[in-house]
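Asker: quick one: sequence plus predicted model below, questions after.
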Amino acid sequence: FGYIWEGVYQYEDFDLLPSGAYQLKDNVTTNGNSRALIQPGDIKYKDLNGDLVVNDLDRTVIGRAYPIHQGGFSNNFRYKSFDLNVFLQWSYGNDILNANRLLFESGTRPYLNQYASFEDRWTPENTDTDMFRLGGQGPNAYSSRIVEDGSYLRLKTIDLGYTLPGTFMNRLKLNTARVYVSAQNLFTLTKYSGFDPEVAVYYSPLTPGFDYSSYPRPKTIVFGLNVSF
């Protein structure tokens, strides 16, 4: 729930005053800041009720946190002494609120690194962009700008094993022995720009798909040996 993002203000949205300052035109909507503070390159939101002022009355549904469908698919393969298990997991139709971008695409804290996308920010020499200027984020508000497609297909688990032959086991006086290598979260297909589309920061049914300073699920590889006597 938030504002609908409409890019940034350009020079044509302003009147140039004799002093050289820019003043937002009377027929152009504000972004939540006072009209006198808004400058070219500032972030721009949609005015839903037509009063030329963006405020809480212009907030609306900007995404769907719950997937249309989700699930998993598992297959087991065997060939002679080899066995392979593959488990795929997916989620489709859900959105993620990437709140990290409110901080790392703001440019307001010089001691923090910014996302590479902020390099394309608005400047007088670079006006053909949707990224607002340095300090032009306006109200630090949730908007459709930071809502992203959270659909993904992930190779959740893959397990490859080899059962040692019986003649070798008899020498070692073992019933069976199987060596294996197992990997989790090996790769993920997704359009989400964050670290991990399988995100849940607050672990609450009321806050699904909210990503802020979350740790991604690690890629792990495990080697093992199963032995029975």
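Answerer: Received the coordinates, thanks.
Asker: ok, residues contacting the longest helix seen in the chain?
Answerer: Counting by DSSP state H, the longest helix found in the chain is helix 166-172. By Cβ atoms under 8 Å, 6 or more residues apart in numbering, the list of residues contacting helix 166-172 from outside reads 175-177. C-beta: built from backbone N, CA, C; applies to glycine.
Asker: for the lowest-mean-pLDDT helix or strand in the chain, C-alpha coordinates in PDB please.
Answerer: None of the helices or strands of the chain scores lower by mean pLDDT, DSSP states H and E than helix 166-172, at a mean of 73. Once non-C-alpha atoms are left out, helix 166-172 reads as follows in PDB (Å, rounded to 0.1, in the frame of the first residue of the first chain):
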ATOM      1  CA  GLY A 166      29.200 -55.300  -2.800                       C
ATOM      2  CA  THR A 167      32.500 -57.100  -3.400                       C
ATOM      3  CA  PHE A 168      34.300 -54.100  -2.000                       C
ATOM      4  CA  MET A 169      31.900 -53.900   0.900                       C
ATOM      5  CA  ASN A 170      32.600 -57.600   1.800                       C
ATOM      6  CA  ARG A 171      36.300 -56.900   2.100                       C
ATOM      7  CA  LEU A 172      35.600 -54.100   4.600                       C
END
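Asker: need the next SSE after that helix, C-terminal direction.
Answerer: Where DSSP states H and E defines the elements, the next helix or strand beyond helix 166-172 is strand 176-184.
Asker: now that next one: buried residues?
Answerer: If you call a residue buried by 16 or more other Cβ atoms under 10 Å, then strand 176-184 has these buried ones: 177, 180, 183-184.
Asker: quick check, distance from the helix or strand containing residue 159 to the centre of its chain.
Answerer: When secondary structure is defined using DSSP H and E, the element that contains residue 159 is strand 152-163. The offset between the C-alpha centroid of strand 152-163 and the centroid of the whole chain comes to 24 Å, using Cα atoms, centre = their mean, to the nearest Å.
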